[in-house]
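K.L.:
Here's my sequence, what's the structure:
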Amino acid sequence: MSLKSKTIAVYVLCVLGVIWTLLSLSGTTMEICPTSGCKIFHDYPFSNLLNLAGAMAFAIIMGLTFFEKRFLTLIFSSVFMLLDIPLMIFQGITVPCLSCMVSATLIGLVCGMVFYRFEEYTPQIIFVLALWVFGYGAGITSIIGEQFITPWSVNAKTSENQIKVFFSPSCTHCKEIISKMVENETGENIKLYPVARNSDDFKGISRLSCSLKKGCSLEQALKQCWGGECKEHKDKVSIDIFVNSLRNKFYLAKLGIKKVPLIMGNDIAKNKPQLQKGGGCSLGSESKQCGKGSEINSLNSIYGG
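P.N.:
Residues are numbered from 1 along each chain as shown. Predicted coordinates:
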């Protein structure tokens, strides 16, 4: 491949990168993205900053290539790839975003072509490429794995549980409904799927998990969740609580559910919720929004709100 062809390839890929990141910035790609992460990430301010920064980075690489700034182009491309790695790994352990991975693919192609154009294959460059491939693999794996994702239950002891409840510790409607359910059902018949709506909810979920591990009954553990304490962890949120709560939140997002509480019947993986109009507590970032009533699954639902 001639130097001219390599240069043209860099230009074309950079232009595609700019176009795609600007489309992502406008929200256009979100409408056609099949993965749950696209809509979730688009709601966060940092997403717009990342897309804008990505468009500028593609433009800068194109400019540096045009002016034949070999050293700066190599350094900038390496940094561009390195910054992309934690973003892909984050998707790998949380929620997949196909639109983000298209951007990552263009980053890999552009930077790879820059290295190829300058025929630069130092140990440092190879190391950067290896790290990027690892991160890319994590992101792609998460997209494939989304089809098989299952939610996490804080009190799962048996697969025979019939009632599945998604809730947030700060949701007053959740507290009312779950309290009624605990009064009428034994703990073995209720599976709880906690979802953090804000930072305080993570602490509540940690208290619930801690209390259950100590052998408390479901009723006692829930009281700790609503506002008690578990001296063993002193409200410290472990990484598994953080990840598992996000896992439940992303599962609901995949189903198109934006509020809790949500009550589902047996076979949670196959139920397709049909939501009632009305209240419930929003699952938006740091959300405090709650309406009247609750949204529940009308398929195999047990309690109304």
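K.L.:
what about the closest residue to Phe134 other than its chain neighbours, distance to Trp132?
P.N.:
Leaving aside its sequence neighbours, Phe134 sits nearest to Ile85 (CB to CB, 6 or more residues apart in numbering; 7.5 Å). All C-beta spots, glycine's among them, are computed from the backbone N, C-alpha and C. For Ile85, the distance to Trp132 (CB to CB, to the nearest Å) stands at 6 Å.
K.L.:
Ok, Gly63 next?
P.N.:
Distance from Gly63 to Trp132, by CB to CB: 22 Å.
K.L.:
Comparing the two, which shows the higher neighbour count?
P.N.:
Trp132 (22 against 13; other CB atoms under 10 Å).
K.L.:
pretty sure that one contacts Pro86?
P.N.:
No. Counting by CB atoms under 8 Å, Trp132 does not reach Pro86; the two are 11.0 Å apart.
K.L.:
quick one, helices of the protein?
P.N.:
Along the chain, counting by DSSP state H, helices occupy 3-26, 28-32, 36-42, 45-66, 70-93, 98-117, 123-145, 172-184, 199-213, 218-227, 239-254.
K.L.:
looking at these, which one has the lowest mean pLDDT?
P.N.:
The minimum mean pLDDT among the helices of the chain belongs to helix 36-42 (a mean of 77).
K.L.:
quick one: contacts of that one?
P.N.:
27, 29-30, 33, 47, 91, 94-100, 146, 250, 253-254 (CB atoms under 8 Å, 6 or more residues apart in numbering).
K.L.:
Quick one, which of those are buried?
P.N.:
29-30, 33, 47, 91, 94-100, 146, 250, 253-254 (16 or more other CB atoms under 10 Å).
K.L.:
Nearest to Gly54 among those residues?
P.N.:
Gly54 has its nearest neighbour among those in Cys100, at 9.7 Å by CB to CB.
K.L.:
Could you measure from the residue nearest to that closest one when sequence neighbours are not counted over to Thr141?
P.N.:
Leaving aside its sequence neighbours, Cys100 sits nearest to Gln91 (CB to CB, 6+ apart; 6.2 Å). Distance, Gln91 to Thr141, using CB to CB: 10 Å.
K.L.:
Same check on Gln124?
P.N.:
26 Å.
K.L.:
Equivalent analysis for Phe118, please.
P.N.:
31 Å.
K.L.:
What pLDDT is listed against the residue most central in space within the chain?
P.N.:
Taking CA atoms, centre = their mean, the centroid of the chain lies closest to Val95, which sits 3.2 Å from it. Listed pLDDT for Val95 reads 77.
K.L.:
so it touches Ala253, yeah?
P.N.:
Yes. With contact defined as CB under 8 Å, Val95 reaches Ala253; the gap is 7.3 Å.
K.L.:
leaving aside the residues next to it on the chain, what's closest to Val128?
P.N.:
Leaving aside its sequence neighbours, Val128 sits nearest to Ser78 (CB to CB, 6+ apart; 5.1 Å).
K.L.:
how many other residues sit next to that neighbour?
P.N.:
Summarising burial for Ser78: neighbours were counted as other CB under 10 Å, giving 21.
K.L.:
For it, give me its contacts.
P.N.:
Contacts of Ser78 by CB under 8 Å, 6+ apart are Cys111, Gln124, Ile125, Val128.
K.L.:
ok, now how distant is it from Glu146?
P.N.:
Distance of Ser78 to Glu146, computed by CB to CB: 30 Å.
K.L.:
got it, and Lys249?
P.N.:
Taken as CB to CB, the span from Lys249 to Glu146 is 13 Å.
K.L.:
Farthest-apart pair in the contacts of Ser78, please.
P.N.:
Greatest spatial distance among these (CB to CB): Cys111 and Gln124, at 13.2 Å.
K.L.:
Please say which of the two ends up with more neighbours.
P.N.:
Legend: neighbour count by other CB under 10 Å for Cys111 and Gln124, higher for Cys111 (28 against 11).
K.L.:
My guess is the more buried one contacts Phe76. True?
P.N.:
No. Taking CB under 8 Å as the definition, Cys111 is not a contact partner of Phe76, at 9.0 Å.
K.L.:
Break the protein into its domains for me.
P.N.:
3-148, 163-291 (automatic domain parsing).
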